[in-house]
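> Curious how this folds, go ahead:
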Amino acid sequence: MPDTFENYVNGDWREASSRQTFENRNPAAPSDLIGHFPDSGPADIDEAAEAAQNALSDWSRTPAPSRGKILRVAGDLLAERKEDIAQSMTREMGKPFFETKGDVQEAIDTAYYAASETRRLFGTTVPSELPDKMNMAIRRPLGVCGIITAWNFPVAVPSWKIFPALAAGNTILFKPSEDAPHSGLRFVQTLIDAGIPDGVINVVHGADEAGRALVEHPKVDAIGFTGSYEVGTSIAETCGRLNKPVSLEMGGKNPMIVMDDADLDLALEGAIWGAFGTTGQRCTATSRLICHEEIHDQFVDMIRDEAETLVLGDGNDEGTDVGPLINQAAAEKVAHYVEVGEEEGATLEMGGSPTTVEGLDGHFFEPTLFTDVTPSMTIAQEEIFGPVLSVFKVSSYEEAIDVANNTKFGLSSSIYTEDVQKSFRAMRDLEAGITYVNGPTIGAEAHMPFGGVKGTGNGTRDGGYAAFEFWTEHKTIYIDYSGQLQKAQMDSVED
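Take a look at the predicted model:
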């Protein structure tokens, strides 16, 4: 009998007010029903926002290192439960077990990092222009923070937002993706078991209706979002109208440049992992491969030969390299882009079709490789979110940079070269929030800023201390101990 799961509000488990639910199924074997989750609406968001607001005063006044102790315990619990959480995550969203273990490890690292920052949370002190006066600025929590995350990293990405937000003294209303709600609950359970007070973190499941109610709710002071460009843009418009701070991490169309002096064996490992890891369902996936003409043909052959050895299957089966797409709609979307790519003149070198795996009825798709791709093609511009790699041929470093930057997105980027001058020029020239040298476009570390430019985001970052810069705001304080009225810019200016 499949489990029925509930929302978590003010320390209590409760069903949606409508009593409606939605199903969550294994994408490798859709006949495997994981459970039923609340299909929540505005009334449920109301309850959770009220609980978070009521908990805010006590939590924000809790000494920051004490908040950090809870995060550290949550990290310890994630470490203890790592393999179990990873196995259930693979069952829920499909990527192989070795990848989901990495997903959990990212959350562990983020918990420990955020906990350590609670002993810093630096403000600034600066000299005053007046005598017997002190100036300083402190960082304060934003308030009740709404978190909406995608399904592809259902533990790591929530941790990037929730742990630093909690460390900074905010309270949380979290809506996990409806495609990975169970992983979201497993993540939150570690905070509950670590002793987080009631109302400090609340979980409301649901789809678009719940998401809209969360973004628009007057008691939600800020929004953190990871997901599609279309949804993120809509959230930005709403938050702009409401004058509500918002952190956005949206799509990517990430280029990997391989120059004629590159170590091709190393680049091959990066291209395969970057393009086909997580079945290409990463915002940082290597979706565009830009090859110097001197090595293009050889490198395409190497990729084709290596990709043909990849084993598709259930991610919890030993030996599986590539899991399924998340659902049937995703498979249809990828197939559509393949069709468009061929119609626009790209050459389909391999793959391009849904496929089957013995004993499974999941949403599997062949690793797909296009050549003769030009920058104006649809597959060169739009995020496919599947195992599709588009290859471009260029004749120079300058042309490679032009092709790499010819997209509305700017999340991650990569260059393979032995030329230190080109490496440093690429760090400067690539229009992306992240650049890797001699590595693929994936591989974020918890203590480093993560996010993009152009259509990928709005200037904010997850990860590292940059996350605290979003989840807090400055408060400026002046302390005058002169015993008399002093007028800045007047009493301090000499004739």
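> which helices and strands sit right next to the helix or strand where residue 90 lies?
Following DSSP states H and E, one finds residue 90 within helix 82-93. Counting by 3 or more CB pairs under 8 Å, 6 or more residues apart in numbering; DSSP states H and E, the packing neighbours recorded for helix 82-93 are strand 21-26, strand 29-38, helix 97-117, helix 181-193. C-betas here are computed from N, CA, C, even on glycine.
> give me every residue that touches the spatially most central residue of the chain.
The residue lying closest to the centre of the chain (CA atoms, centre = their mean) is residue 157, at 4.6 Å. By CB atoms under 8 Å, 6 or more residues apart in numbering, the residues touching residue 157 are 149-150, 226, 462.
> what's the answer for residue 364, then?
By CB under 8 Å, 6+ apart, the contact list for residue 364 reads 28, 312, 324-325, 354-357.
> can you list those in TSV and add neighbour count, secondary structure and distance to residue 423?
Below are these laid out as TSV (neighbours: other CB atoms under 10 Å; DSSP: H, G, I helix; E, B strand; the rest coil; distance: CB to CB, whole Å):
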residue	neighbour count	secondary structure	distance to residue 423
28	27	coil	40
312	23	strand	35
324	28	coil	37
325	25	coil	35
354	15	strand	39
355	13	strand	38
356	10	strand	43
357	18	strand	40
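> give me phi/psi at residue 311?
phi -100, psi 120 (degrees, to the nearest 10).
> Quick one: neighbours of it, just the number.
The number of residues packed around residue 311, counting by other CB atoms under 10 Å, is 12.
> Neighbours of residue 428, how many?
Residue 428: 8 neighbours (other CB under 10 Å).
> distance of it from residue 435?
Using CB to CB, to the nearest Å, residue 428 is found at 9 Å from residue 435.
> got it, and residue 99?
For residue 99 relative to residue 435 (CB to CB), the value is 23 Å.
> Can you give me the buried ones in stretch 48-56?
Going by neighbour count (16 or more other CB atoms under 10 Å), the buried part of stretch 48-56 is 48-53, 55-56.
> let me fix that: stretch 133-142
So for stretch 133-142, counting by 16+ other CB under 10 Å, buried means 133, 135, 139, 141-142.
> swap in stretch 406-414?
For stretch 406-414, burial by neighbour count (16+ other CB under 10 Å) applies to 406-407, 409-414.
> Which of the residues you listed fall within strands?
409-410, 412-414 (DSSP state E).
> about what we covered before: with pLDDT and distance to residue 337 added, can I get the contacts of residue 364 in JSON lines?
What follows is those, written out as JSON lines (pLDDT from 0 to 100; distance: CB to CB, whole Å):
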{"residue": "28", "pLDDT": "98", "distance to residue 337": "22"}
{"residue": "312", "pLDDT": "98", "distance to residue 337": "19"}
{"residue": "324", "pLDDT": "98", "distance to residue 337": "17"}
{"residue": "325", "pLDDT": "98", "distance to residue 337": "12"}
{"residue": "354", "pLDDT": "98", "distance to residue 337": "13"}
{"residue": "355", "pLDDT": "97", "distance to residue 337": "16"}
{"residue": "356", "pLDDT": "96", "distance to residue 337": "20"}
{"residue": "357", "pLDDT": "97", "distance to residue 337": "22"}
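> Closest one of those to residue 381?
residue 325 (20.8 Å; CB to CB).
> does that closest one really touch residue 279, like I thought?
Yes: look at residue 325 against residue 279 with CB atoms under 8 Å: they come within range, at 5.8 Å.
> Residue 436 is in what secondary structure piece?
For residue 436, the enclosing helix or strand under DSSP H and E is strand 434-437.
> can you give me the offset of that strand from its chain's centre?
Distance, stretch centre to chain centre, for strand 434-437: 17 Å (CA atoms, centre = their mean, to the nearest Å).
> can you check stretch 241-260 too?
Distance, centroid of stretch 241-260 to centroid of chain: 10 Å (CA atoms, centre = their mean).
> got it, and stretch 239-256?
On CA atoms, centre = their mean, the centre of stretch 239-256 falls 11 Å from that of its chain.
> list residues touching both of residue 325 and residue 279?
Contacts common to residue 325 and residue 279, judged by CB under 8 Å, 6+ apart, are 94, 365, 386.
> What is the neighbour count of residue 345?
Counted with other CB under 10 Å, the neighbours of residue 345 add up to 10.
> any idea how far residue 97 is from the nearest residue to it once chain neighbours are set aside?
Closest residue in space to residue 345, ignoring its immediate chain neighbours: residue 372 at 6.8 Å, by CB to CB, 6 or more residues apart in numbering. Look at residue 372 and residue 97: by CB to CB, they are 36 Å apart.
> Same drill for these two, tell me which one is more crowded.
Between residue 372 and residue 97, counted using other CB under 10 Å, residue 97 has the larger neighbour count: 20 against 15.
> Check whether that one really touches residue 85, as I assumed.
No: counting by CB under 8 Å, residue 97 does not reach residue 85; the two are 11.0 Å apart.
> what residue ranges in this structure score low on pLDDT?
Counting by pLDDT under 70, the chain contains low-confidence ranges at 1-2, 492-495.
> same thing but at 80, please
1-2, 491-495 (pLDDT under 80).
> Report how many residues lie close to residue 293.
12.
> I meant to write residue 390 there.
27.
> That'll do, ta.
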